[in-house]
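Engineer: this one's structure only:
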Ligand code: SF4
């Protein structure tokens, strides 16, 4: 893991911090698009160090947080059916749907299995031929290639009892919808490095042009983040709006061709409901018609239950950078990781959870 | 080992439709019914293997010699899946786990009981391998198995094999006073790399395909505790094996008891590259992952260097490290200083760690 240590060197981090402070003549507002970046910024104390120089606001980049309640409710319903196993990444288990989370369902006897990769879910199907295995396919473009691979593998091996509840979301349409709101505060974007690893960043060219905002592709380690922030600040100070890649060690302009092709082959773009956001045009992925036999929505009937939104949760404001989690009236009071009111407090990538975990001083003694 | 319960003695043998020979290789429900087959299982398989470390009485209870020392007692149940993992298995884990609970409370482990709850269908060869491991670990830690019990339950009721133990040890002076006595300025030490056991089990259970696999730290803490007792005596405040919930859970428990803030520094935490790799991959914190032969200890101010030096002489504890201090209570009960030195609260582990998505 020497690879990572190089990007965590405290002395180098201090040098970059000093450079950012020197470069900024005023306070700039940057949005880190991805929840993983939010966590890293807080975990390593970067957000606190830049207080007064750069305001970092969180974007919509936590796939767990934006997965719609309808999908979670359906997943819960499936997990309760006989002869069915709902397979999911661990993160999804604690997120409340309208009434329950998958963890609640499992406690009550439902079949929910944590997997570490979609291919594990295919293997689970092969091991349990008498059961239907539904994989809850959530995540951004980063996880889509792996679920696409699972579909292809299941097809190749003739696995009949495997299907997907597809809830993949796409980052860029969410960024677009955000900058179209008249009161947004974003002056530059730190684009999510891992999404670009797969999708590349060419598509940001026109985005930068249209909205005249700097976009800097940024990684997740402290030095990656600091370099990304410095690049944004330099552009802003010079009155520029360019696309820049500060994550060259992992990201190519065209992304990962093979992974992109795979996603193209299995999925098509659709409009998708994002939790807290409503419908985002072209904001998600669904299986192409030729793969629809793997679509759990088509295979299994869904009961039409009303979706109960929690009014108290201000997740939309948090995920669009309008509200700092610590300023939410429920933060740390009625809402904590033990008893979350909204998804941003549940997911390990969620902005509220990040603040709860890392921000001082929150009184954790109560 | 005593065999305490006899269910429907003998009756089943007349009605059993299947020849006994068909069951020769696996544990069957009949093995738990208390008749001849039960006795054969206990005599020929279990007691034979445990013979070097077990008392040979088959009475309903065992008399223990009285040495005049106050006694400490503990109990634990072991339900690990898979039964065998890199660096150990459920058998040795049951012995070490019980021995360690006694050791960290300042007792010399002497006697323990062993109850086996076996799933019907468990191959006898597997049972024997586990018992051999029990015998080895008990021999190594010089504890005697003085009573036991065997139950067989239907397929699906347990996962292969569960083991329950009770352990009794003799308290040796000076007994560590415990976390209520923690003072501001006391120093915190961890005896070895974090999260080895939890990651070893997770990596094989979930077939993560990681090379090299992390190895469980499963082992006895008694030699280390004994060494510390002899060299540091009353300057030790408290000890605890950091099992489920990891080091973070112990820190939180101590902080709650003493009402102070326990503050650690990330850069001083010993973590192996394998564990770190998986942690990064799955978004887990090694501080929250279970250990089975690693303890947290607190010592008086100024004693940490000596304690660490003593620990480092013990095999497997070469990476013992001072990781932090006790302070007057701040806003959070447990804090950690990360990369840039800023102090942050450390979360109390919430249920079992769940891996993240991206
Ligand atoms: S603190 Fe809780 S209630 Fe407030 S926005 Fe975050 S998740 Fe919602």
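Structural biologist: Thanks, I have it. Keep in mind that this is a model prediction, so the values were computed, not measured.
Engineer: tell me the pLDDT of the residue nearest to residue A:185 when sequence neighbours are not counted.
Structural biologist: Closest residue in space to residue A:185, ignoring its immediate chain neighbours: residue A:29 at 5.2 Å, by Cβ to Cβ, 6 or more residues apart in numbering or on different chains. Using the backbone N, CA and C atoms, a C-beta is placed for each residue, glycine as well. With respect to pLDDT, residue A:29 has a value of 96.
Engineer: show me what the helix or strand hosting residue A:29 is packed up against.
Structural biologist: If you go by DSSP states H and E, residue A:29 is part of strand A:28-34. Using 3 or more Cβ pairs under 8 Å, 6 or more residues apart in numbering or on different chains; DSSP states H and E, the elements in contact with strand A:28-34 are strand A:54-61, helix A:171-180, strand A:188-192, helix A:193-199, helix A:222-237.
Engineer: highest mean neighbour count out of the ones you listed?
Structural biologist: strand A:188-192 (a mean of 28; mean count of other Cβ atoms under 10 Å in any protein chain shown).
Engineer: low pLDDT regions in the chain?
Structural biologist: Just so you know, I chose chain A. Applying pLDDT under 70 to chain A flags residues A:1-4, A:308-311, A:348, A:360-366.
Engineer: that's the wrong chain, I wanted chain B
Structural biologist: Within chain B, the stretches with pLDDT under 70 are B:1-24, B:56-60, B:351-358.
Engineer: the longest helix in it is where?
Structural biologist: helix B:124-141 (DSSP state H).
Engineer: which parts of that one are buried?
Structural biologist: Going by neighbour count (16 or more other Cβ atoms under 10 Å in any protein chain shown), the buried part of helix B:124-141 is B:124, B:126-127, B:129-131, B:133-138, B:140-141.
Engineer: export the residues you listed to a markdown table and append columns for distance to residue A:17.
Structural biologist: Formatted as a markdown table, the buried residues of helix B:124-141 follow (distance: Cβ to Cβ, whole Å):
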| residue | distance to residue A:17 |
| --- | --- |
| B:124 | 64 |
| B:126 | 57 |
| B:127 | 60 |
| B:129 | 56 |
| B:130 | 54 |
| B:131 | 59 |
| B:133 | 52 |
| B:134 | 55 |
| B:135 | 58 |
| B:136 | 54 |
| B:137 | 51 |
| B:138 | 56 |
| B:140 | 52 |
| B:141 | 51 |
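Engineer: centroid residue for the chain?
Structural biologist: I went with chain A, as the question did not name one. residue A:62 (2.6 Å; Cα atoms, centre = their mean).
Engineer: nope, chain B
Structural biologist: residue B:97 (2.5 Å).
Engineer: so the longest strand along chain A versus helix A:171-180, what angle?
Structural biologist: If you go by DSSP state E, chain A has its longest strand at strand A:278-287. Here strand A:278-287 runs at an angle of 170 degrees relative to helix A:171-180 (axes from the mean of the first three to the mean of the last three Cα atoms, to 10 degrees).
Engineer: other residues contacting strand A:278-287?
Structural biologist: With Cβ atoms under 8 Å, 6 or more residues apart in numbering or on different chains as the test, strand A:278-287 has contacts from A:144, A:151, A:164, A:166-170, A:173-174, A:177, A:263, A:266-274, A:294-295.
Engineer: I'd like to know how far residue B:304 sits from the ligand.
Structural biologist: 39 Å (Cβ to the nearest ligand atom, to the nearest Å).
Engineer: name the nearest residue to that residue, sequence neighbours excluded.
Structural biologist: Closest to residue B:304 by Cβ to Cβ, 6+ apart is residue B:187, at 3.8 Å.
Engineer: so what's the residue count around that neighbour?
Structural biologist: 21 (other Cβ atoms under 10 Å in any protein chain shown).
Engineer: just the one 4 residues further on next, same as before
Structural biologist: By the other Cβ under 10 Å criterion, the neighbourhood of residue B:191 contains 29 residues.
Engineer: would you confirm that it contacts residue B:311?
Structural biologist: Yes - using Cβ atoms under 8 Å, residue B:191 is in contact with residue B:311, at 5.4 Å.
Engineer: any shared contact partners between these two?
Structural biologist: B:224, B:317, B:320.
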